[in-house]
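*Asks:* Provided below are the primary sequence and the corresponding predicted coordinates.
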Amino acid sequence: MLFELLTAKYPGMRRWLTQRLCALSMAVVLLLLWLRVMWLSPQNFSEWQALFAPLWWRLLSVWFFCLHAVTCLVRRT
Amino acid sequence: MIVKKQKKQRPKNLDLLTIRLPVNAVVSILHRASGVVLFLIQPLLLWTLYLSLSSAQGYATVVTQLQQWPVKLLTTALACAFFHHFYAGIRHLAMDVHWMTTLQKARFSSRVVLWLVAVTMLFVIWAIWVRD
């Protein structure tokens, strides 16, 4: 039943689920950002740069900002 | 025929100034409005992030600009939009999994969202305007 809902037969369900999952993962990324800022508490340029330096964090940021566009587009169509 | 006539006689109110939205509708429409604001401001935020990370000089520029009062005002407004969008979004997600869906509970959770935004904004205003 669940897999049937995700087929092309029900495009609305796929859009709805994509939007919700994107929203949820954005909330998680924001929570992670908050924790990292609390944990590292950058006070100057080098510490600020170090916060955004790890590759996994950069990829997550790209993911985050792409998601935003996707969620908006998905909701409009 | 009778049905048509009854439909025509239904009272209408399209005067925006006298329409009173219930609290859950207020939270919902503010969620959408804040979403639009946050989406449109994204290029500016990304450019600021880029500037602050590009060089020590750029970082210093961002820090000094953030201490100007118009920028502080903008930051406060954006924080308000963000926290409303965040809390109301979590409320919408909760309702999607059939949590708090009766009218009474929905009204209650709407008030919780508005109070959470108010409390968070007190903290944000303290952090932006008082602590610095």
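*Replies:* Structure's in. What do you need?
*Asks:* neighbours around the residue of chain A found nearest chain B, how many?
*Replies:* Here chain A gets closest to chain B at one residue, A:Phe45, 4.2 Å apart by Cβ to the nearest Cβ. Glycine gets a C-beta too; all of them are placed from N, C-alpha and C. By other Cβ atoms under 10 Å in any protein chain shown, 18 other residues sit near A:Phe45.
*Asks:* surely it and B:Thr61 touch.
*Replies:* No - applying Cβ atoms under 8 Å as the test, A:Phe45 and B:Thr61 come out as separate, 11.1 Å apart.
*Asks:* re the thing from before, residues contacting the residue of chain A closest to chain B?
*Replies:* Shown in contact with A:Phe45 (Cβ atoms under 8 Å, 6 or more residues apart in numbering or on different chains): B:Ala56, B:Tyr59, B:Ala60.
*Asks:* most neighbours of all those residues, which one?
*Replies:* Within the contacts of A:Phe45, B:Tyr59 tops the neighbour count with 19 neighbours, counted by other Cβ under 10 Å.
*Asks:* can you tell me the helix or strand for that residue?
*Replies:* helix B:56-66 (DSSP states H and E).
*Asks:* what about that helix, near chain A?
*Replies:* Yes - counting by Cβ under 8 Å from any Cβ of the partner chain, chain A has neighbours in helix B:56-66: B:Ala56, B:Tyr59, B:Ala60.
*Asks:* relative to B:Pro22, how far out is B:Arg111?
*Replies:* Distance of B:Arg111 to B:Pro22, computed by Cβ to Cβ, to the nearest Å: 11 Å.
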